[in-house]
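model this:
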Amino acid sequence: IDVDLFVPRGVTLTSNKAYVAAWDQESVITVRDCQSGDEVWKIDSNDQWVSVAFSPDCKSIALGSSKSFPSIWDLSKKTKTQILKANTNFSSSRVVVFSPDGKSLATNESGTIIVYDLESGTERCRFDGAAGSVTHLAFSSDGKRILAGGPYTVQLSDAGSGATISRCSVTGSEGGIDISPDGRRIVSAAGPMVSLWDADTGSEILSLNAESRIAAVGFSRDPDGKRIMAACIDGTIRIWDSASEDRMDDARDWQARGVVRLRNEETELAISAFTSAIETDPKNADSYRNRAFLYERRRETDKAIEDL
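Residues are numbered from 1 along each chain as shown. Prediction:
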C-alpha cells in the first residue's frame, strides 16, 4: 500500500485488518483500505501527530499529539467525538493506547501516565510511568495493568490505581515493549537485544541477540503466547520460544546474557553465562575474552591468562 506521505513516522492496523493508518512528521494522517489500498480518510492539520491507535471494535481512532490534548474520532463519520482534557495543565499527549475492552485510554506527557474513562471523558488516574520520558505504552490482555517503557526503565503499574507492581532497569526500550497474554512476562528491546523479564518481580530472565537493530518486538497472540517476535531493520523477523527460556542452547544467547550481566556489574552471573557460552561453543572467542576480563577484575590472573 502506498501511503503517500512525506516521511512516514508510524503505522497501525485495525484488529480486523480492514484499515491501516499511517502518519508523518508533516502533521498528516492517512487511513486506507487494506484490501484496495484506497484512501478512505486524510487528516491534515497543524498538530504534530506522535501516536495513532484504533479502538478494539475498529469504530474509533485515537490521536496523540505533542501540541494538543488526545482526541477520539469516529471512523465512519470522520468527525471528532471527544477531546480528553486532564485535571491539570497537561495539554499534550505522546503515546495513546486503548484498553482491550475499549473503555479506557492511556496516554502520557513525558514520564507521567494518565488513564481516561472514555464513557465519561474524565481522568481516572495519573501516575509516574517510568524514569525519563515514556516512549511506549501497553495494556495487559485483561486491561488491569499498564506497561510503560522509557530510556531507563520499563514499569508495570495497576491500571486502576497507578500503583507500581514492578520495575525493570533497561538500557533502552526504543524497539518496543509488550506483556505476555498470561501477564507473567515482559519483553523489551533496545538495539539488537531482546530482554525477557518477570512481570511480578522485574528481574531479568534472559537476554537474546537478534544480530540487527530491532524496530518492533512483542509476544505472539495465540492462546499460549509463548513466542517472542522481533522485526529487525535488516528485513528479518526473529522468533524465539520463551517456554524454553531455561534451555538456551545457542552460544550467542548465552554470550548476550553475559554481556547484560557484565553491564549490570553482576560479575558471578556474567562469568556463569560466558562459561555456558563456551561450553556450548568452545570456539566462542568473545566469551573467552569477556570471561578473562572478569577474572582479571577479581585478580584471578591465572584463569584470565588461560582464557586469552
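
ranges for the strands of the stretch 201-308 of the chain?
204-209, 214-219, 227-232, 237-241 (DSSP state E, counting those that start in this stretch).

Now these in a markdown table, please, with extra columns for mean pLDDT and distance to Ile72.
Any C-beta I mention is one placed from the backbone N, CA and C, and that applies to glycine too. As requested, these are arranged in a markdown table below (pLDDT from 0 to 100; distance: least, C-beta to C-beta, whole Å):
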| stretch | mean pLDDT | distance to Ile72 |
| --- | --- | --- |
| strand 204-209 | 83 | 37 |
| strand 214-219 | 91 | 24 |
| strand 227-232 | 90 | 28 |
| strand 237-241 | 86 | 32 |
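
Distance to Ala304 and mean neighbour count for the ones you listed - can I get that in TSV?
Putting those into TSV (distance: least, C-beta to C-beta, whole Å; neighbours: other C-beta atoms under 10 Å) gives the following:
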stretch	distance to Ala304	mean neighbour count
strand 204-209	24	20
strand 214-219	33	19
strand 227-232	34	20
strand 237-241	32	14
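
Just tell me which of the ones you listed ends up closest to Ile278.
Checking the strands of the stretch 201-308 of the chain against Ile278 by C-beta to C-beta gives strand 204-209 as the closest, at 16.1 Å.

Next, the angle strand 237-241 makes with that closest one.
Taking axes from the mean of the first three to the mean of the last three C-alpha atoms, to 10 degrees, one finds that strand 204-209 is oriented at 150 degrees with respect to strand 237-241.

partner strands of strand 204-209, parallel or antiparallel?
Here strand 204-209 is paired, per DSSP bridges, with strand 193-198 (antiparallel).

For the strand it pairs with, C-alpha coordinates in PDB please.
Provided in PDB are the C-alpha atoms of strand 193-198 (Å, rounded to 0.1, in the frame of the first residue of the first chain):
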ATOM      1  CA  MET A 193      19.000  -7.000  22.100                       C
ATOM      2  CA  VAL A 194      15.700  -8.500  23.500                       C
ATOM      3  CA  SER A 195      15.200  -8.800  27.200                       C
ATOM      4  CA  LEU A 196      12.700 -11.100  28.900                       C
ATOM      5  CA  TRP A 197      11.500 -10.100  32.400                       C
ATOM      6  CA  ASP A 198       9.500 -11.500  35.200                       C
END
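
and the angle from it to strand 214-219?
Going by the same axes, to 10 degrees, strand 193-198 makes 30 degrees with strand 214-219.

going forward can the numbers begin at 359, since that is how I track them
OK, 359 is where the count begins now, so the last one is strand 551-556.

Give me the buried stretch members for strand 551-556, please.
Within strand 551-556, the residues that qualify as buried are Met551, Val552, Ser553, Leu554, Trp555, counting by 16 or more other C-beta atoms under 10 Å.

ok, back up a step: between the strands of the stretch 559-666 of the chain, which one is closest to Ala628.
Counting by C-beta to C-beta, Ala628 lies closest to strand 562-567 out of these; the figure is 11.2 Å.

can you dump the C-alpha coordinates of the closest one into CSV?
Extracted in CSV, the C-alpha atoms of strand 562-567 (Å, rounded to 0.1, in the frame of the first residue of the first chain):
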residue,chain,number,x,y,z
GLU,A,562,15.6,-10.3,34.1
ILE,A,563,15.1,-13.9,32.9
LEU,A,564,17.2,-13.9,29.8
SER,A,565,18.7,-11.8,27.0
LEU,A,566,18.5,-12.6,23.3
ASN,A,567,20.6,-11.2,20.4
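
Return the distance of that strand from the chain's centre.
Centroid separation for strand 562-567 versus its chain: 15 Å, with C-alpha atoms, centre = their mean, to the nearest Å.

Perfect, that will be all.
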